[in-house]
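Visitor: Return a 3D structure for these sequence lines:
(one chain, ligands or ions: 1)
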Amino acid sequence: MRTGRPSRTALSSARARAVHQVADAPRVFTDPLAARIIGGVDGDPKPAGARGMPAEVRLFMALRHRVAEDALRAAAHTRQVVVLGAGLDTLAYRNRNPALRVFEVDHPATQTWKRERLAEAGIEVPDTVVFCPVDFTEQTAQAGLAAAGFDRHAPAFFLLLGVAPYLSKDALRDTARFVARLPAPAELVLDYNQPPATLPPHRRPALVAQAEAMARMGEPWRSYFTPTEIAGELADAGFDSVADVGWQDCLVRYALDPALPDLFGGRIAHARTTGRERS
Ligand SMILES: C[S@@+](CC[C@H](N)C(=O)[O-])C[C@H]1O[C@@H](n2cnc3c(N)ncnc32)[C@H](O)[C@@H]1O
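Guide: Sure, this is the predicted structure:
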């Protein structure tokens, strides 16, 4: 990220979700605040950040939120949600459960900008939202959350969507270890990109083009994993189980056109721990 500036990729993924609401059929992820938080997409179904973004890339960005929020709904015991690298994610503002706290962890510059966006859009900030500004290059999520009142002994659900590629592998390991070693049950849903060289040749150009676009925005991708590598990382961190879904799995799960092409091989991992103290 550029020093002192909000994340530009946060805007582009928020725009992708907003455009998904009006441009994709069927819609897999419904977010009534997606357009409002970016100032609307009415009359311009392809605003700047989404221009040139292939429909399948936009669909993957919607799918990762659908997968994560479906998993969250299934985690009935959860009383704390942590949105890591929240960007303009609106889960916290759609939450109507007074017993569910939502911690938004993000770079301070992005979070300040988000709070301005929320105010400008007239989006109510429920009492259940806890803002937690953290620059992962200077502070761990663990330290930031402790300062914000996160309860280590209560079940928690973590989302890390559209963020893992921007983190170093060490930063991702730290975060995974923190979640996996919490004393209470915890779940983590994250999406990741596979190393271009491990993809079939026809998928590499879209992935490389997307990586180049992110680097031009000042937010280069730093980590790639194969499904075997991410499963190993999450197991080493201490998770008890890891489920991993790719494009074809999502097409089946959400009854989408099976012919939709997997442009760049993005995948979503869902790790769980029953929660126990480890050294
Ligand atoms: C592509 S955006 C994804 C935002 C959101 N999760 C979504 O899906 O729309 C990447 C997010 O990672 C955050 N981020 C990147 N580097 C960070 C850092 N060093 N510390 C904290 N947050 C960071 C950005 O502020 C941004 O919100």
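Visitor: and the residue of the protein nearest the ligand?
Guide: G87 (2.5 Å; Cβ to the nearest ligand atom). (Each C-beta comes from the backbone N, C-alpha and C, glycine too.)
Visitor: Surely that residue is in contact with S12?
Guide: No. Judged on Cβ atoms under 8 Å, G87 makes no contact with S12 at a distance of 9.5 Å.
Visitor: Can you classify T78 as helix, strand or coil?
Guide: coil (DSSP: H, G, I helix; E, B strand; the rest coil).
Visitor: Without its sequence neighbours, what residue ends up closest to it?
Guide: F157 (4.5 Å; Cβ to Cβ, 6 or more residues apart in numbering).
Visitor: so the one you found sits right up against L72, yeah?
Guide: Yes. Applying Cβ under 8 Å as the test, F157 and L72 come out as touching, 5.2 Å apart.
Visitor: who's more crowded, those two?
Guide: F157 (27 against 19; other Cβ atoms under 10 Å).
Visitor: Now do the shared contacts for F157 and L72.
Guide: Common neighbours of F157 and L72 (criterion: Cβ atoms under 8 Å, 6 or more residues apart in numbering): 78, 81, 187, 189.
Visitor: where's the strand or helix carrying the third one relative to the chain centroid, distance-wise?
Guide: Spelled out, it's E187. Assessed by DSSP states H and E, E187 sits inside strand 186-192. Centroid separation for strand 186-192 versus its chain: 8 Å, with Cα atoms, centre = their mean, to the nearest Å.
Visitor: in which helix or strand would I find the residue nearest to T78?
Guide: Counting by DSSP H and E, F157 is found in strand 156-160.
Visitor: Give the pairing partners of that strand; include direction for each.
Guide: Paired with strand 156-160 in the same sheet, following DSSP bridges, are strand 80-84 (parallel), strand 186-192 (parallel).
Visitor: Show me the contact partners of the shortest one.
Guide: I take that to be strand 80-84. Outside strand 80-84, the residues touching it (Cβ under 8 Å, 6+ apart) are 72, 89, 91-92, 95, 100-106, 141, 145, 150-151, 154-160, 163, 175.
Visitor: Restricted to helices, list those.
Guide: The helices, defined by DSSP state H, take in 72, 91-92, 141, 145, 175 from these.
Visitor: Switch those residues over to JSON lines; also include distance to the ligand.
Guide: Below are the ones in helices among the contacts of strand 80-84 laid out as JSON lines (distance: Cβ to the nearest ligand atom, whole Å):
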{"residue": "L72", "distance to the ligand": "14"}
{"residue": "L91", "distance to the ligand": "10"}
{"residue": "A92", "distance to the ligand": "12"}
{"residue": "A141", "distance to the ligand": "9"}
{"residue": "L145", "distance to the ligand": "13"}
{"residue": "T175", "distance to the ligand": "11"}
